[in-house]
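Undergrad: Got a predicted structure here, sequence first:
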Amino acid sequence: MKLSSPRARLRHLLRSARLLSALALAVPALVALGAAPAAAAPGENAPVEFDFGDCPDQLPVGADPANWQCAVIVLGGGTMKLGSMTQQITEPISITMQGGFDPATSEPINIFVSMRSKAMTVPDGALGIPGTGSLPLLGLSVKTKYVGNFRLYTTEQGQYASTMDMRIKLKNDLLGDNCYIGSKKAPVSLNLVGDDSSVEWFDNAIAMKMNDTTFSVPASSCGLLGWLVDFRAGLPSASGNNAANFQMYLTSKSYTELFPAMRTQARTAGSTAPKLTDLVASLFGSRK
């Protein structure tokens, strides 16, 4: 059978490799839209660190390890605008997830595992006045906290997208330890859509810019000083007044690669599934 189009060839590769997990859904979308991925220099890795330490050593009952991967997503740069407050992403935000086939339905699924982040300093401090961030009691830092609803998918238009609910913890000597923008019941709900023109292939990862300008931001929950936080950030803030612009890096490893002992449990021929990035890179000739 002759596969005439890149999309058809890619679909054939993914099917034959048994990589029709949710991790792979992004790739046909990019090809269908005619995206021309930029290739990094040979031997060049993504400029972020990937840590597979959170990958669970267990899979759903009945899962074939050869058809499951653990993926690490790193948001390694960008900005997040909440109302009138804009924060540079100066520390990486790392998300670990499992992707594979549901043993009961054979449908591709994602399983969220963890999100890790570090506190990021807000340059203008609690008052939003340049130069005051280093003064006693006026320093301010923010840290993202996962709430739920993480999902990777492709839109009806064929764009790569991701949803995630989060809250942002604010740390200041006067605000205490329970000051958040967004909450578990009323989170900041992101619906990020990929910028197809920004796709880039590295030896060890795929990179893309992810953006959302549709989300709203609720008032803070910071106790007696909540009014000050809301005034500082212009909260609550309606949809259209906020923006998330992230530089995303995605990589994955098969479970038979991460945990060699699982190779004896693999039921698919070939105990280690090829990496998604390797399949796509070979298709476009961007590495060899």
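TA: Okay, I see it. Numbers count the residues shown, from 1 in each chain.
Undergrad: going forward, measure contacts and count neighbours with C-alpha atoms only.
TA: Noted.
Undergrad: in this structure, which spans are helices?
TA: Per DSSP state H, the chain carries helices over the ranges 6-16, 26-32, 226-233, 255-258, 276-284.
Undergrad: I109: neighbouring residues, count only.
TA: Burial of I109 is recorded as 20 neighbouring residues (other CA atoms under 10 Å).
Undergrad: I'd assumed P103 was in contact with it.
TA: No: look at I109 against P103 with CA atoms under 8 Å: they stay out of range, at 10.0 Å.
Undergrad: pretty sure A243 contacts M85?
TA: No: the pair A243 / M85 is not scored as a contact, 10.4 Å apart, by CA under 8 Å.
Undergrad: which stretches of this protein have low pLDDT?
TA: Within the chain, the ranges that satisfy pLDDT under 70 run 1-42, 268-288.
Undergrad: Of all residues in it, which one is nearest the centre?
TA: I73 (4.5 Å; CA atoms, centre = their mean).
Undergrad: hmm, back to that, same drill for A243 and M85, tell me which one is more crowded.
TA: More crowded of A243 and M85, by other CA under 10 Å: A243, with 21 against 15.
Undergrad: ok, that one to I93 distance?
TA: A243 sits 17 Å away from I93, going by CA to CA, to the nearest Å.
Undergrad: G125 too?
TA: Distance, G125 to I93, using CA to CA: 21 Å.
Undergrad: Kindly report the same for Q247.
TA: 10 Å.
Undergrad: Any idea what N172 is bridged to?
TA: Taking DSSP bridges as the rule, N172 bridges to G176.
Undergrad: residues contacting it?
TA: Neighbouring residues of N172 by CA atoms under 8 Å, 6 or more residues apart in numbering: 126, 137-141.
Undergrad: measure it to M80 for me?
TA: Here the distance between N172 and M80 works out to 19 Å (CA to CA).
Undergrad: got it, and V48?
TA: 19 Å.
Undergrad: neighbour count winner among those two?
TA: M80 (19 against 14).
Undergrad: what about that one, distance to D64?
TA: Per CA to CA, M80 is found 39 Å from D64.
Undergrad: What segments of the stretch 151-288 of the chain are strands?
TA: Assigned by DSSP state E, counting those that start in this stretch, the stretch 151-288 of the chain shows strands spanning 160-171, 180-181, 188-201, 206-212, 220-221, 243-254.
Undergrad: ok, M262 - how many residues close by?
TA: Using other CA under 10 Å, the number of residues around M262 comes to 18.
Undergrad: Would you check how far apart the nearest residue to it once chain neighbours are set aside and A205 are?
TA: Nearest residue to M262 in three dimensions, chain neighbours excluded: T256, at 5.5 Å (CA to CA, 6 or more residues apart in numbering). Remark: distance between T256 and A205 (CA to CA) = 19 Å.
Undergrad: ok so, going back, any chance of the strands of the stretch 151-288 of the chain in a markdown table, plus distance to A119?
TA: Shown next, in a markdown table, are the strands of the stretch 151-288 of the chain (distance: least, CA to CA, whole Å):
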| stretch | distance to A119 |
| --- | --- |
| strand 160-171 | 9 |
| strand 180-181 | 13 |
| strand 188-201 | 18 |
| strand 206-212 | 21 |
| strand 220-221 | 18 |
| strand 243-254 | 17 |
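Undergrad: Please identify the deepest-packed of those.
TA: By mean neighbour count, with neighbours taken as mean count of other CA atoms under 10 Å, strand 180-181 ranks first of the strands of the stretch 151-288 of the chain at a mean of 26.
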